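Asks: Just to be clear, the model below is a prediction. Sequence and coordinates:
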Amino acid sequence: MKVASFSHQNRDSYGVVNNDGIVDVGRELGAKYAGLRQVLEAGALDELAAAAAGKTADVGFDDVTHLPVIGDPAKIICIGLNYDDHRKEGGAQEVDNPTLFTRFANSQVGHGQPVIAPKVSDKVDYEAELAVIIGRRGRHIGEDEALDYVAGYACYNDVSIRDWQRHTTQFTPGKNFVGSGPFGPWMVTADEIPDPQKLGITLRLNGQEMQKANTDLMIFPVRTLINYISRFTELEPGDVISTGTPSGVGFARKPPVWMKAGDTVEVDIEGVGVLSNPVIDE
Ligand code: ZN
């Protein structure tokens, strides 16, 4: 099942994506569950599926304003340097543990919504990533049971403002600009992705392939990330883990490639979907 968050006629909603468009389940369940995070908190994905079953789409997929899959996650945890070729292209040392940083929810944008090239920098880079959306609360989650805690998967573009990322050793600012976190186009529920470590992942900039890899190249696979993170914090329904980007990012190219207004950037993950966003100036 594909589940999307969107806004239509000035009402935020969510629903199930089918071949015709989106079944607007939020119209029926919105009073009970304000958004997808609340659906996950209630363990109500089955109820959402039942509400959409056998129905035709209420609205065309391209006729809505798409919102980030989870607009208000309690946590967005991003993984740095989780593909060895990307670690090497940036000249970073090998590490024994995952490199973690966080994103604010207000940096996120939905499918089709603009990435904002900020006034204060022209070093706007892309990072194709597989996002994991947590479906169950847990701490000290074993690797062998970790995937049972996943509600689903989506595409994430961890857009990075490279100079602000490197002002100091702590790169929070460069990873949190407004309009820098495309997240979508929908969540594919975990039952459709039996193995998240076997997915082709590609990024295209203006139709040209810039990153191409497979999630089997992750240094720390999804189950290890869930185990590691849950040892220091409680993972909660709706939390997002963005699992890091493969090689081919703009800064490491010779000459470097920066995104600018007028560009279109796409993250394409096999079995998940294509997340496409235009770039505009602030
Ligand atoms: Zn990243």
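Replies: Nice, thanks for sending it over. Numbering: from 1, shown residues only.
Asks: Next, give phi and psi for Ala74.
Replies: When read as degrees, to the nearest 10, the backbone of Ala74 gives phi -70, psi -30.
Asks: tell me the pLDDT at it?
Replies: Ala74 is assigned 97 on the pLDDT scale.
Asks: do Gly91 as well
Replies: On the pLDDT scale, Gly91 gets 89.
Asks: neighbours around it, how many?
Replies: Neighbourhood size, Gly91 [other CB atoms under 10 Å]: 7. C-beta coordinates here come from the backbone N, C-alpha and C atoms, glycine included.
Asks: ok, Tyr126 to Gly60 distance?
Replies: Separation of Tyr126 from Gly60 (CB to CB, to the nearest Å) stands at 28 Å.
Asks: what's the answer for Asn10, then?
Replies: From Asn10 to Gly60 the distance is 17 Å (CB to CB).
Asks: So which of those two has more stuff around it?
Replies: Taking other CB under 10 Å, Asn10 and Gly60 do not tie; Gly60 has more neighbours (11 against 6).
Asks: How about the contacts made by the closest residue to that one other than its chain neighbours?
Replies: Leaving aside its chain neighbours, Gly60 sits nearest to Gly21 (4.3 Å; criterion: CB to CB, 6 or more residues apart in numbering). Each residue near Gly21 by CB atoms under 8 Å, 6 or more residues apart in numbering is listed here: 57-61, 63.
Asks: Let me have the residues you listed in JSON lines, extended by pLDDT, distance to the ion and secondary structure.
Replies: Listed next are those as JSON lines, based on pLDDT from 0 to 100; distance: CB to the ion, whole Å; DSSP: H, G, I helix; E, B strand; the rest coil:
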{"residue": "Ala57", "pLDDT": "98", "distance to the ion": "33", "secondary structure": "coil"}
{"residue": "Asp58", "pLDDT": "97", "distance to the ion": "35", "secondary structure": "coil"}
{"residue": "Val59", "pLDDT": "98", "distance to the ion": "32", "secondary structure": "strand"}
{"residue": "Gly60", "pLDDT": "98", "distance to the ion": "32", "secondary structure": "coil"}
{"residue": "Phe61", "pLDDT": "97", "distance to the ion": "27", "secondary structure": "helix"}
{"residue": "Asp63", "pLDDT": "97", "distance to the ion": "31", "secondary structure": "helix"}
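Asks: Mark which of those are buried, thanks.
Replies: 57-59, 61 (16 or more other CB atoms under 10 Å).
Asks: Dump those to CSV, plus distance to Leu203.
Replies: Shown next, in CSV, are the buried ones among the contacts of Gly21 (distance: CB to CB, whole Å):
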residue, distance to Leu203
Ala57, 29
Asp58, 32
Val59, 29
Phe61, 22
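Asks: residue in this structure nearest to the ion?
Replies: Residue nearest to the ion within the chain (CB to the ion): Asp158, separated by 3.3 Å.
Asks: In this structure that residue contacts Glu127, no?
Replies: Yes - contact criterion CB atoms under 8 Å: Asp158 and Glu127 qualify, at 3.9 Å.
Asks: In a strand, Cys40, correct?
Replies: You called it Cys, but residue 40 is Leu. No - the assignment for Leu40, made by DSSP: H, G, I helix; E, B strand; the rest coil, is helix rather than a strand.
Asks: quick one: it and Ala151 touch, right?
Replies: Yes - with contact defined as CB under 8 Å, Leu40 counts as touching Ala151 (5.4 Å).
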